[in-house]
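Engineer: Based on what follows, work out the 3D shape:
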Amino acid sequence: MSKKWQKWLGVALAATLTTALVAGCGGKSEPKGDANEIRIGASMGLTGGVAAYGQQTLNGIKLAVKQANDAGGINGKKINLIVADNKSEASEATNSVTKLINQDKVIAVLGPVVSSNALAALPVAESSKVPLLTPTATNPDVTVKDGKVRPYAFRSCFIDPFQGTVVANFASKTLGAKKAAIYVDNSSDYSKGLAKFFEENFVKNGGTIVIKEAFLQKDQDFKSTLTKIKAAGADVIYVPGYYEEVGKIVKQAREMGITLPITGGDGWDNSKLPEVAGAAALNNTFFSNHYSAEDKDPNVSKFVEAYKKEYNEAPSALSALGYDAGLLLVDALKRAGSTDSAKLTEALAAVKNLQVSTGIISLDANHNPVKSAVIIEMKDGKQTFKEKVNP
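Structural biologist: Sure, this is the predicted structure:
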């Protein structure tokens with residue numbers, strides 16, 4: 001072999017090795033799919049402790065995506081929604097978002113549903129500079145960390161300070177309560193956040209917190225703690241938890257003769273709550289929520305009708321928030337005019353006066369929506385509209 005050919009082969013081999021090394025050290029691979037689709041990820045808890053929430057939220061997202069695609073897509077491109085089950089666990093939420101971004105090459109992620117899972121997954125989105133829009137995670141830390149706005153974090157739900165304030169004001173002013181008991185889920189960032197803001201505002205209204213107790217997710221027997229609460233002399237009980245534990249707490253409280261009003265947050269919103277607690281036990285209970293199907297707003301009625309047609313069941317507030325998150329993302333994609341994650345992030349931050357199922361929504365400087373809340377009263381196992389609270 002001549003020296004000339006040896007030199008040429010050496011250069012070619014070096015180039016090949018360099019290419020392989022770059023690819024092996026994290027060189028960006030070609031996106032999956034084709035040029036006529038927009039790949040969006042959804043990290044949802046479809047199994048595990050809050051699977052019902054995950055499925056309801058995902059149904060709302062799918063409806064928004066279907067409507068967008070049926071209307072011609074985004075600038076001629078169809079949305080391809082890629083779903084990953086995070087099993088309702090923080091570690092799996094991190095894994096699912098990692099997969100969606102690194103393997104499925106999505107340009108945005110919808111979800112996770114609960115605050116603890118969203119907080120666990122956010123570092124992945126932030127390091128990849130991919131926007132994450134959660135429909136339902138209400139903890140303030142999701143969008144603001146150590147006083148600084150997280151540039152890639154957004155949400156379509158109101159936050160815990162507003163929700164906790166709404167229920168504290170309702171307990172003080174509508175129910176006339178002066179003494180409150182707080183029963184918090186110590187395994188949930190969501191629950192602890194709501195309890196904190198309820199306490200602050202109830203005390204600010206002139207009330208007193210006479211007892212604070214805690215439980216953990218998957219607990220079954222609450223009677224010993226409820227005995228303490230019963231003896232504390234409260235006028236109202238605040239239980240910011242999820243429907244499974246809340247249902248058991250309400251059921252056992254009523255069996256023990258506790259007839260006080262029991263209040264909570266949007267984690268109560270699930271059709272299974274009456275099954276767990278019993279319809280009669282839920283009388284004289286109230287919770288804050290994002291919307292009511294009884295709202296006479298024509299946009300609410302339009303959404304409810306479309307959802308029932310698609311799924312043959314009434315939408316929960318989680319379904320509405322999933323739908324709203326889908327509408328937010330579709331609106332941002334249209335305005336961005338690009339599938340570039342950076343441009344999409346800018347467009348999400350600029351959402352203003354967008355009509356969604358729960359009202360008109362704008363995102364503030366902290367990437368949180370400015371929107372109304374409602375108080376739902378349970379009557380014989382049915383959700384009924386009690387009152388509406390504006391921000």
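Engineer: Next one: the residue nearest the centre of the chain from residue 153, what distance?
Structural biologist: For the chain, the residue sitting closest to the mean C-alpha position, by CA atoms, centre = their mean, is residue 136 at 1.6 Å. Noted for residue 136: a distance of 13 Å to residue 153, by CB to CB, to the nearest Å. Yep, even glycine has a C-beta here, placed from its N, CA and C like the rest.
Engineer: about what we covered before: backbone phi and psi for the residue nearest to the centre of the chain, please?
Structural biologist: Residue 136 has phi and psi values of phi -140, psi -10 when expressed as degrees, to the nearest 10.
Engineer: Please determine how far it is located from residue 388.
Structural biologist: 20 Å.
Engineer: Could you pull up the mean pLDDT of stretch 75-94?
Structural biologist: Averaging pLDDT along stretch 75-94 gives 96.
Engineer: and what of stretch 266-274?
Structural biologist: Stretch 266-274 comes out at a mean pLDDT of 91.
Engineer: By neighbour count, which bits of it are buried? Give me those.
Structural biologist: 266-270, 273-274 (16 or more other CB atoms under 10 Å).
Engineer: Just checking, which helix or strand succeeds the lowest-mean-pLDDT helix or strand in the chain along the chain?
Structural biologist: Using mean pLDDT, DSSP states H and E, helix 3-24 stands out as the lowest-scoring helix or strand of the chain, at a mean of 39. Using DSSP states H and E, the helix or strand that directly follows helix 3-24 along the chain is strand 37-44.
Engineer: Which neighbouring elements make contact with that next one?
Structural biologist: For strand 37-44, the elements it packs on are helix 51-70, strand 78-85, helix 90-102, strand 109-110, judged by 3 or more CB pairs under 8 Å, 6 or more residues apart in numbering; DSSP states H and E.
Engineer: what comes into contact with stretch 70-86?
Structural biologist: 33, 35-47, 54, 58, 61-62, 65, 68-69, 92-93, 95-97, 99-100, 104, 106, 111-112, 117, 121, 330, 333-334, 337, 339 (CB atoms under 8 Å, 6 or more residues apart in numbering).
Engineer: buried residues in it?
Structural biologist: In stretch 70-86, counting by 16+ other CB under 10 Å, buried: 73-74, 77-86.
Engineer: same check, this time on stretch 127-147
Structural biologist: Neighbour-count burial for stretch 127-147 [16+ other CB under 10 Å]: 128, 130-144.
Engineer: Now the terminal residues of that stretch, how far apart.
Structural biologist: 19 Å (CA to CA, to the nearest Å).
Engineer: Can you give the distance of that stretch from its chain's centre?
Structural biologist: Centre-to-centre, stretch 127-147 and its host chain are 10 Å apart (CA atoms, centre = their mean, to the nearest Å).
Engineer: Can you tell me how far residue 61 is from residue 347?
Structural biologist: 18 Å.
Engineer: Brilliant, that's me finished.
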